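**Q** Got a sequence here, can you build the structure:
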Amino acid sequence: MTYVYTKNPTVGADVIVQYQDTKGNTISPNIIKTGNIEDSYITEKFTIEGYTYKEVIGNSMRTFITDPQTAIYVYTKNDNKKSIKPSESGTIPNSVGQRKPNNSNIYTKGLAETGKKNSILFMILGITTLVVGAYIFNKKLVNNN
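**A** Residues are numbered from 1 along each chain as shown. Sure, this is the predicted structure:
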């Protein structure tokens, strides 16, 4: 008889998502993501009123590890002379701190009407494939010992 043991998940360190202007000033509250080690995370770029997205410093998509991680979204302040058009998903008033992501958020309770319903299906399919692969690899490893 063969016994198979699984390891309980270990909580990974937090991922801190910061939103700053090019001078390093905070323009929207930080978001903290939590999860178990080796779980995947995705951070979001937001539309922030009065600012234009420039770049992300750090990893916007990765897995949780034992050390804390930071993703800094950098924005350029818009010139007041320019006309600002809101994005399709809305804008974020920086004084209120409310956010709407530029893409669908996997943490919402339902699917928004974004036309991205297949992304959830592909994510579930990918996770299922990963779990089955890990199970087969573990079973071969146990049988070889």
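**Q** among the helices and strands of the protein, which one scores worst on average pLDDT?
**A** In the chain, the helix or strand scored least confidently by mean pLDDT, DSSP states H and E is helix 117-144, which has a mean of 73.
**Q** Strands of the protein, start to end?
**A** 15-21, 26-33, 40-42, 51-57, 61-63, 69-77 (DSSP state E).
**Q** one step back: report the buried residues of the least confident helix or strand of the chain.
**A** In terms of neighbour count (16 or more other CB atoms under 10 Å), helix 117-144 has no buried residues at all. (Glycine included, C-beta is placed from N, CA and C.)
**Q** do the same with stretch 49-60
**A** E49, G50, Y51, S60.
**Q** Could you dump those residues into TSV with distance to D67 and pLDDT added?
**A** Listed next are these as TSV, based on distance: CB to CB, whole Å; pLDDT from 0 to 100:
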residue	distance to D67	pLDDT
E49	34	94
G50	34	94
Y51	30	97
S60	17	89
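**Q** Out of the strands of the chain, which gets nearest to T129?
**A** For T129, the closest of these is strand 40-42, at 13.4 Å, according to CB to CB.
**Q** Please tell me how far the closest one is from the chain's geometric centre.
**A** 5 Å (CA atoms, centre = their mean, to the nearest Å).
**Q** Can you tell me what sits against that strand?
**A** Contacts to strand 40-42, defined as CB atoms under 8 Å, 6 or more residues apart in numbering, come from residues V15, K33, G35, S60, M61, R62, T63, F64, I106.
**Q** Where does pLDDT dip in the chain?
**A** The chain contains residues with pLDDT under 70 at 81-122, 145.
**Q** domain ranges for it?
**A** Using automatic domain parsing, the domain parsing of the chain gives 1-103, 104-145.
**Q** from the contacts of strand 40-42, which is closest to A71?
**A** S60 (5.3 Å).
**Q** The closest one: what's it in contact with?
**A** I42, T43, K45, A71.
**Q** From N143, how far out is it?
**A** To N143, S60 is 39 Å away according to CB to CB, to the nearest Å.
**Q** go on, N8?
**A** Counting by CB to CB - N8 and N143 are separated by 23 Å.
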